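Colleague: next comes the sequence, and after it the predicted model I'd like to discuss.
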Amino acid sequence: MNGIRGVAAIALLVLAVGAGCSGGDKAGGSGGFVTLRLASDDLPDTAASQQIKEFARRVRRLSDGRLRIRIDWEANGSGTKHPRGFDQKTAQKVMDGRYALATVPARAWDVLGVTSLQALQAPFLVNSDALLDKIASDPVAEKMLAGLDDVGVVGLALWPEALRHPVGFGHPLRSLADFAGKGIRAPRSELTWKMLRALGARPLDFVGDEMGPAIDSGQLSGAESQIDRVRGLPRPGIVTANVTFFPKANTIAANRAAFDRLTDDQRETLRNAAAATLRHVVASRETDVEAARSACAVGIQIVVASDADIRGLVRATRPVVARLERDDGTRRSIQRIVALRETVSRSRPAIAPCGRPSSPTARAKAGGSPATLPPDGVYRALISPNEFLRVGVDAGSAQNSSGLFTLALRGGRISWTIKGQPDVCAGRYFLSKGTVRFVMDNPSPCGSGAGNWIFSARWRSDDGGIRFTNVQGSDDPAFLRVAWARLWKRINAP
């Protein structure tokens with residue numbers, strides 16, 4: 001079946017000037033245009049990558065085609081080559097001048113000595129999409145970005161992305177007791193890690209291929225993430241939707257020396273393109289409520305914490321906020337954000353819980369047989385290209401992923417073939433916190449996600465075979481539903 005991409009990393013953008021230019025000198029030269037290379041740590045199909053693409057379109061349009069952007073995705077590598085501290089590695093590239101422009105999440109800069117953006121990450125301060133959009137469009141954003149001057153880069157804009165929530169693997173993270181002693185995955189950030197430690201957790205900077213084994217061993221119990229990224233985690237995650245740690249916003253910043261080498265018109269084009277992209281993002285980005293609706297539709301479980309639990313979390317992180325406010329600039333930024341918060345409607349749309357209850361008894365009742373492995377045997381399913389086409393899968397993938405499938409399950413080993421195709425896809429499966437997790441062998445001729453994850457699911461007996469339910473993986477949910485969430489007819493016993 002179609003390969004599953006690994007966990008998408010946080011969006012990063014790098015714009016190379018000099019070696020990354022072509023078509024003449026900085027004014028356009030004899031070629032009439034300049035092409036600037038952009039490197040991104042992200043995959044090209046995430047919410048953050050849409051910001052990058054919009055910026056590239058705006059640059060070309062505003063320059064009448066004389067300034068162009070070429071984007072290189074996954075610039076820091078992928079899979080086992082994707083490094084920890086990926087945000088800081090790309091930020092360092094723009095700081096030392098290897099690249100002229102980068103987008104780096106605001107959370108990442110404090111590791112590199114820039115603390116002016118920490119007000120945005122103050123625990124439990126920014127708790128709505130409306131407030132995040134206001135901050136990004138307010139002069140306070142420019143003041144926070146000014147701190148980047150200290151490391152030799154120019155902050156051009158702050159692009160809002162999403163709100164960040166706790167995600168539990170197997171059990172929800174709602175109260176202080178849920179965090180106590182637990183390993184929580186969080187991209188590297190001094191302030192984020194201080195917050196998690198204040199909650200009693202152990203912050204861990206695992207990357208995609210490391211996460212699956214860490215979850216299996218119990219070393220990793222949760223993550224801080226955003227709702228639209230949960231289906232890309234290497235295990236079904238439970239989102240606590242009304243606990244909002246802070247937002248994720250992306251800074252777009254230029255290396256000072258490289259930026260100064262550009263012409264006045266080119267600098268103005270980049271500034272205007274960054275501002276126009278901000279307006280576009282604010283007007284069109286997916287809200288937390290919309291992301292939750294999509295997540296519920298594909299079986300992701302969403303829970304809410306009690307008011308008492310939230311008060312306990314906020315109280316535990318007050319010393320972190322108090323330390324932030326000792327810095328005059330950060331204190332003024334926090335005060336401005338508090339003032340903006342008062343202008344935002346207090347009647348924010350609530351996110352309703354969805355998905356299956358988390359208790360073992362409730363899971364057993366609702367899921368058929370979630371606490372056991374599916375029965376050994378050989379199963380078949382005929383999948384037509386039209387099934388994939390109807391849910392928006394491209395024609396090439398639909399053709400390659402369709403046909404008569406033979407699926408063998410035996411003693412914790414899974415394999416499947418497609419009639420007429422030579423490849424045999426194989427891996428293993430095992431119980432993991434109420435679901436069955438299927439993991440690909442490595443190496444394999446067939447694609448898989450982070451940690452070689454194929455998918456996780458529950459199952460039930462149905463009409464002479466088995467049917468997988470609550471299928472979750474890092475591939476497109478529509479693809480997964482067609483490929484796996486169907487009746488597999490038994491053709492022989494073990």
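Modeller: Noted; the coordinates are in hand. As the structure is a computational prediction, the values presented were derived from the model and not from experiment.

Colleague: now the nearest residue to residue 486 once chain neighbours are set aside: how far from residue 465?
Modeller: Counting by C-beta to C-beta, 6 or more residues apart in numbering, residue 486 lies nearest to residue 381, which is 5.7 Å off, once chain neighbours are set aside. Glycine gets a C-beta too; all of them are placed from N, C-alpha and C. According to C-beta to C-beta, to the nearest Å, residue 381 and residue 465 sit 9 Å apart.

Colleague: what touches both of those two?
Modeller: With contacts taken as C-beta atoms under 8 Å, 6 or more residues apart in numbering, residue 381 and residue 465 have 487-489 as neighbours in common.

Colleague: would residue 134 count as being in a strand?
Modeller: No: using DSSP: H, G, I helix; E, B strand; the rest coil, the assignment for residue 134 is helix, not a strand.

Colleague: ok, how many other residues are close to it?
Modeller: By the criterion of other C-beta atoms under 10 Å, residue 134 has 20 neighbours.

Colleague: with the one 4 residues further on instead?
Modeller: For residue 138, the count of nearby residues is 16 (other C-beta under 10 Å).

Colleague: ok, it - contacts?
Modeller: So residue 138 contacts 336, 340 (C-beta under 8 Å, 6+ apart).

Colleague: and it, what pLDDT?
Modeller: You'll see residue 138 listed with a pLDDT of 98.

Colleague: next: the one 10 residues further on.
Modeller: We have a pLDDT of 97 for residue 148.

Colleague: residue 296 too?
Modeller: 90.

Colleague: and residue 163, by the same measure?
Modeller: According to the prediction, residue 163 has pLDDT 98.

Colleague: what are the pairing partners of the host helix or strand of it, and which direction each?
Modeller: Using DSSP states H and E, residue 163 sits within strand 153-168. According to DSSP bridges, strand 153-168 forms sheet pairs with strand 222-225 (antiparallel), strand 238-240 (antiparallel), strand 246-255 (antiparallel).

Colleague: you'd agree residue 253 is up against residue 144?
Modeller: No: counting by C-beta atoms under 8 Å, residue 253 stays clear of residue 144, with 11.8 Å between them.

Colleague: shared neighbours, these two?
Modeller: Common neighbours of residue 253 and residue 144 (C-beta under 8 Å, 6+ apart) are residue 155.

Colleague: if we can go back for a sec, top of the shared contacts of residue 381 and residue 465 by neighbour count?
Modeller: Counting neighbours by other C-beta under 10 Å, residue 488 comes out on top of those with 24 neighbours.

Colleague: what's opposite that one in the beta bridge?
Modeller: With DSSP bridges as the rule, residue 488 is bridged to residue 466.

Colleague: and the one 4 residues further on, by the same measure?
Modeller: Bridge pairing for residue 492 (DSSP bridges) gives the partners residue 378.

Colleague: from what I see, it and residue 379 are in contact.
Modeller: No: applying C-beta under 8 Å, one finds residue 492 not in contact with residue 379, separated by 9.3 Å.

Colleague: of the two, which one has the most company?
Modeller: residue 379 (21 against 8).

Colleague: contacting residues around the more buried one?
Modeller: Taking C-beta under 8 Å, 6+ apart, one finds 406-409, 465-466, 488-491 in contact with residue 379.

Colleague: got the residues you listed as JSON lines, with pLDDT and distance to residue 69 columns?
Modeller: Formatted as JSON lines, the contacts of residue 379 follow (pLDDT from 0 to 100; distance: C-beta to C-beta, whole Å):
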{"residue": "406", "pLDDT": "93", "distance to residue 69": "46"}
{"residue": "407", "pLDDT": "92", "distance to residue 69": "44"}
{"residue": "408", "pLDDT": "91", "distance to residue 69": "48"}
{"residue": "409", "pLDDT": "92", "distance to residue 69": "48"}
{"residue": "465", "pLDDT": "91", "distance to residue 69": "51"}
{"residue": "466", "pLDDT": "93", "distance to residue 69": "49"}
{"residue": "488", "pLDDT": "94", "distance to residue 69": "46"}
{"residue": "489", "pLDDT": "92", "distance to residue 69": "50"}
{"residue": "490", "pLDDT": "91", "distance to residue 69": "53"}
{"residue": "491", "pLDDT": "89", "distance to residue 69": "53"}
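
Colleague: mind picking the two most distant members of the residues you listed?
Modeller: The span of the contacts of residue 379, defined through C-beta to C-beta, is set by 406 and 466 at 14.1 Å.

Colleague: which of those two has more neighbours?
Modeller: residue 466 (23 against 17).

Colleague: for the nearest residue to residue 164 once chain neighbours are set aside, what are its contacts?
Modeller: With sequence-adjacent residues excluded and distances taken as C-beta to C-beta, 6+ apart, residue 164 is closest to residue 245, at 4.9 Å. Taking C-beta under 8 Å, 6+ apart, we find residue 245 in contact with 123-124, 164-166, 192, 195, 224.
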